[in-house]
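> quick one: sequence and predicted model below, then my questions.
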Amino acid sequence: MKFTKWNFTMSVLGIVIYVADIAADIWVTSNYFCEGQYSLGILTMVFRLLSSIIVQIFSYEWFKEDCGSPDPGKLNWIFRLHFLHGGIFTRYWFALKVGYQAAFKQNSSGDKLTGGPASIIHKRAIDAVTDISMLRVFKTFLETTPQLILQIYILMKHDKAAFSQYASIITSFCGISWSTLDYQISLRKSLPDKNQFAGLPPKLLYLFYKLFTLTSWILSIALVTLLNIISSIFLLIFLWALGFSWTLKQHTMFCKSKRMEFLYRTVVGIILIFTFFNVKGEKTKMYISSYYATHVLVTLGIMCVCLFWKTSVTEQLYFTFVSITVVLTLGLGIFCLIVYYMFFHPTIYFKQQSASDKVDGLAREREKEESSRIKNFIMQ
């Protein structure tokens, strides 16, 4: 388990992207207000603020757990930073500080000593980056994905857009998919007893599986929203309720307190609206098959409704393009999913005889000795 110079470079790039994302949100929101579209501007701000609040809450709780019995003065400063929505910056600062020591200061001889000073530094750096990756997954599905649906809805509603809007939408799709892959990589790296991705093919297949399935589903939701906003809201609430109920049934133990566990299950319910998220260390063949079979049926149902419900929407030129994209990306996504799990999943690609399925939620049941936050957490 080693934190490399490449990992450090990716961490630096991560904070640059995070700052750029904040700047982009401010720019988009200001444009809405300047154009007199106050409702869209407020809605964009609401997505940003709510996701930031939830991320800050999780980050602060993790800081408290990691500190054990922290100094009250230090804990007050950490609370103030999170209250001012600076929790992610604090985590990036710590990750870069420890990561720099691990990547550039530790000598190879010290790193060979398991449990020695060098290995502890590497472990702390990897754990810090993994925590950030988890928080970014939360942010992605609480903020970026709803904003993307809103952007597509506005684009199809007005049937005109600048090149920058198309570029922004494509970039958002890629960013959402990349965040899931980045977390998968960080998670496996933090668990030395678990197989990591071997080479480029598994990473690409996992990325394309997420990219295509998410693209198809987000476009489908945007079409429903365009046909009838109320129906879209009811559909999303219904899907969230199903995801939340499934999480309750799994008896997850991500957090130490009941209130934080409830918040975690609420967030997982939102993530399950858009993509599969395994929350327990159990075999997931049946769950993931049922999940995407349902996605296929609902997507085809939406397309049938759009075709037979003759409205001005179905007469637009973009409707044909979007419909073809929905069906094509859904087929490609399912194909990549099957190929990945049949041939390129790390437990198969490494030819490991006894392999357990991977989990997407953090098992917060930590023993008293120092261990990774995700010691018992593996990702699907």
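Perfect, I can see it now. No experiment lies behind these values; they were computed from the predicted model shown.

> tell me which residue is most central in the protein.
The residue lying closest to the centre of the chain (C-alpha atoms, centre = their mean) is residue 137, at 2.5 Å.

> that residue reaches residue 179, doesn't it?
Yes. Between residue 137 and residue 179 there is a contact under C-beta atoms under 8 Å: 5.7 Å. The C-beta positions use only the backbone N, C-alpha and C, and glycine is treated the same way.

> which positions in stretch 74-83 come out as buried?
78, 81, 82 (16 or more other C-beta atoms under 10 Å).

> quick check: the nearest residue to residue 195 once chain neighbours are set aside vs residue 5, distance?
Ranked by C-beta to C-beta, 6 or more residues apart in numbering and with sequence neighbours excluded, the top spatial neighbour of residue 195 is residue 346, at 3.8 Å. Using C-beta to C-beta, to the nearest Å, residue 346 is found at 24 Å from residue 5.

> more crowded one of these two?
Higher neighbour count among residue 346 and residue 5: residue 346, with 18 against 12, using other C-beta atoms under 10 Å.

> could you list the low-confidence segments of the protein?
The chain contains residues with pLDDT under 70 at 1, 68-70, 106-118, 159-165, 191-194, 279-283, 310-315, 317, 349-380.

> swap the cut-off to 50 and go again
108-115, 351-356, 362-373, 375-380 (pLDDT under 50).

> what about the helices in it?
Shown for the chain, the helices assigned by DSSP state H span residues 5-34, 38-67, 72-83, 87-100, 108-111, 117-139, 145-158, 163-189, 200-227, 229-249, 258-274, 285-308, 317-339, 346-349.

> pull out the buried residues from the fourth one.
By that I understand helix 87-100. Those would be 87, 88, 90, 91, 92, 94, 95, 96, 98, 99, 100, for helix 87-100 by 16+ other C-beta under 10 Å.

> again with stretch 6-14
Here stretch 6-14 shows 7, 8, 11, 14 as buried, counting by 16+ other C-beta under 10 Å.

> could these go into a markdown table alongside distance to residue 195?
Below are the buried residues of stretch 6-14 laid out as a markdown table (distance: C-beta to C-beta, whole Å):
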| residue | distance to residue 195 |
| --- | --- |
| 7 | 18 |
| 8 | 23 |
| 11 | 23 |
| 14 | 24 |
